[in-house]
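Peer 1: Fold the stuff below for me.
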Amino acid sequence: MPRQDTRLEAEGAEFLVLGNVLIEGILAYKAYTNMAGYDLVAVWPETNRSARIQVKSRWATDANSHPVKCIDCDFLVLTRLNRGFRFSGRAKRELPQENPEFYVLPADVAESRRIMSGGGWSKIAWNQVAFKDFRSRWDLIRDFLMSPQSEGQ
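Peer 2: Sure thing, here's the model as predicted:
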C-alpha cells in the first residue's frame, strides 16, 4: 500500500497553529519552507525574544504517535486534526469528524517524551491523559516570550 500523502493537511495544521497564536495576541509568522527544526516563529518586540515553533500533525483521530525527526525548537505543537479513523479498523475517514486539538509542549517536555525509532526518526507516543495539561496552552509561548532574556541566549 503506498504511503498516504498528507502534505496539505500538514500545511493546514501549520496555518491553524499560526492563527491560534495570532488570536492570542502573539506576533508570529510562518518560516520559510524546509527550515530544519521549526515551522513558525513567534516574536515579542518588547523583550526582543523569539520562539521557534515546530508543528507536528496527524489527520487520523486514532493516531497513536507523532513522528519527529528532531526537536530543534522552543515549542513543539502536537496537532490532532481529527479528520477520521485510520488505525482502529473503522472505515477510513469515517464521520463524524471532530474539531482539531492543539497540545503546546515546551521543547524539554517534548524531548522527555521522545522515543527513538529506526532510520534517524523518533516518535512521541500519544497519551491524552499525559498531555491534557498542555492542551491549547498558548500562554506557555507568551510567558516564554515575555520573560527577560538571560545572558548567553
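Peer 1: how about the nearest residue to Ser117, chain neighbours excluded?
Peer 2: Spatially, and ignoring its direct neighbours in sequence, Ser117 is nearest to Lys123 (5.7 Å; CB to CB, 6 or more residues apart in numbering). For every residue, glycine as well, the C-beta is placed using N, CA and C.
Peer 1: so what does the top helix by length along the chain touch, helix or strand wise?
Peer 2: Counting by DSSP state H, the longest helix found in the chain is helix 7-23. Contact here means 3 or more CB pairs under 8 Å, 6 or more residues apart in numbering; DSSP states H and E; on that basis helix 7-23 packs against strand 27-30, strand 40-44, strand 49-60, strand 75-84, strand 101-106, helix 138-146.
Peer 1: hang on, the earlier thing: given the helix or strand harbouring the residue nearest to Ser117, what are its sheet partners and their directions?
Peer 2: For Lys123, the enclosing helix or strand under DSSP states H and E is strand 122-125. Using DSSP bridges, the strands paired with strand 122-125 are strand 65-68 (antiparallel), strand 114-116 (antiparallel).
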